[in-house]
Each structure stands twice: as C-alpha cells, then as structure tokens.
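# okay, here's the prediction I keep looking at, along with the sequence it came from:
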Amino acid sequence: MTRRPFQFILALLVTLWLAGCGFHLRGSTNLAFSTLAVQGPGGPLLIDLKRQIASTTATRIANDPKQAQAIFTLLSDSPTQTAVAYNADGTVAQYQLRETVSFQLATPAGQMLIPPTTISQTSSLSYSTSATLAKANEADLLYRGMRQDIVNRIMFQLSTVKRAPMPAAPASAP
C-alpha cells in the first residue's frame, strides 16, 4: 500500500480544518481620515499607538494638528498596582495591575468624533519576596501586554469612525 494518497488526504484535511476554524492573518485597518495628529502626555502607550497606526494603516501621522483631518488626544494614562491578597505573615501575596486610559478624537474645528472615552485593562500578579526582580520583570511584561490590548481596542474604535461631515457652504444671496 502506498503512503502517497494517505499523506495527500491528511494534508487536505488539515488545510480544510484551518480554513474552517476562522483563522486569518491580521490585515490592515482602514481609517476614515488620511492624516491624524496624535497628542497627549508622552509615554509608552502613545509610542505604541503611533507605531500601530504607521504600520497597519495608510493614515499619516501629522505633526501639526491644524494640518490633520482628525486629532487624537490622550487625556490620561494611569497604570496602578494594588495589593489584593496577603500571606499569613502580612506580606503581599498578589497584586492587581490596572492600566486606565482616557482619550478623545476630534476634528481641528472641534467636532467630536469620539467623545472622551475610558478604557481599562486589569491583570493579576502573584508576588513573592524571594523573587523580587523576576516579579518586577513579570509586571513589566504584563503592563506591556495590557498596553497592546488597549492600543488594539483604540484602533478598533478609530476604525469605526465615519468621515466627519463637511460643514455646509453658506448659500449665496441672489
């Protein structure tokens, strides 16, 4: 018995299974504006957002808000760490990490395309005093992952914005 037909059928079944499971590569995002000004308190989230816009959209980041079709403003970005569980000896056993971001999107004329919106992301971090450096590195990785999730959620909201209506030209008098 030859193995050739069996291998072909197996490869065909695997291909059909992958095609049917809904897997697809992340494509580019279409935004309703060709230029976007990104402003707010500097930090890793703003840098990640600019990179995401530059790499996955045709939208160009404008340095001057007056030259942009839309202005994204990061109103606040506050990462926090709260102790939520303690050991019998009173030392912290678990932290809750939270990153809360507020932003808005407006036109240069002041029309709100996305009103002030807040997004939060949380994660749990078990803690051990015997592995302080490792836990600090783990917290950094968790914050980085939460920031990336927030950037993806912001990109989704930006992609749902429809082009802002142009102001009507004044009617000329006869």
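Cool, got the structure.

# which strands or helices does the helix or strand Val151 falls within pack on?
When secondary structure is defined using DSSP states H and E, the element that contains Val151 is helix 132-160. Contacting helix 132-160 under the criterion 3 or more Cβ pairs under 8 Å, 6 or more residues apart in numbering; DSSP states H and E are the following elements: helix 44-56, strand 70-86, strand 92-106, strand 112-126. For every residue, glycine as well, the C-beta is placed using N, CA and C.

# how far off strand 92-106 does it point, in degrees?
Orientation check (axes from the mean of the first three to the mean of the last three Cα atoms, to 10 degrees): helix 132-160 against strand 92-106 gives 30 degrees.

# helix 132-160 to helix 44-56, inter-axis angle?
With the same axes, to 10 degrees applied, the angle from helix 132-160 to helix 44-56 works out at 50 degrees.

# neighbouring contacts of stretch 44-59?
26, 28-31, 33-36, 38, 40, 61, 72, 74, 77, 99, 101, 144, 147-148, 150-152, 154-155, 158 (Cβ atoms under 8 Å, 6 or more residues apart in numbering).

# buried among those residues? Make that a ChimeraX selection.
The following ChimeraX line selects those of those that are buried, judged by 16 or more other Cβ atoms under 10 Å:
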select :29,31,33,35,36,38,40,61,72,74,77,99,101,147,150,151,154,155,158
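
# ok, back up a step: turn the helices and strands packed on helix 132-160 into CSV, columns for mean pLDDT and distance to Ile9.
Supplementary listing: the helices and strands packed on helix 132-160 in CSV, determined by pLDDT from 0 to 100; distance: least, Cβ to Cβ, whole Å:
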stretch, mean pLDDT, distance to Ile9
helix 44-56, 93, 38
strand 70-86, 93, 51
strand 92-106, 94, 48
strand 112-126, 94, 44
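
# return the most buried member of those.
With neighbours defined by mean count of other Cβ atoms under 10 Å, none of the helices and strands packed on helix 132-160 is more surrounded on average than strand 92-106, at a mean of 18.

# neighbouring strands - and their directions - for that one?
Each strand that strand 92-106 pairs with, and the sense of that pairing, follows from DSSP bridges: strand 70-86 (antiparallel), strand 112-126 (antiparallel).
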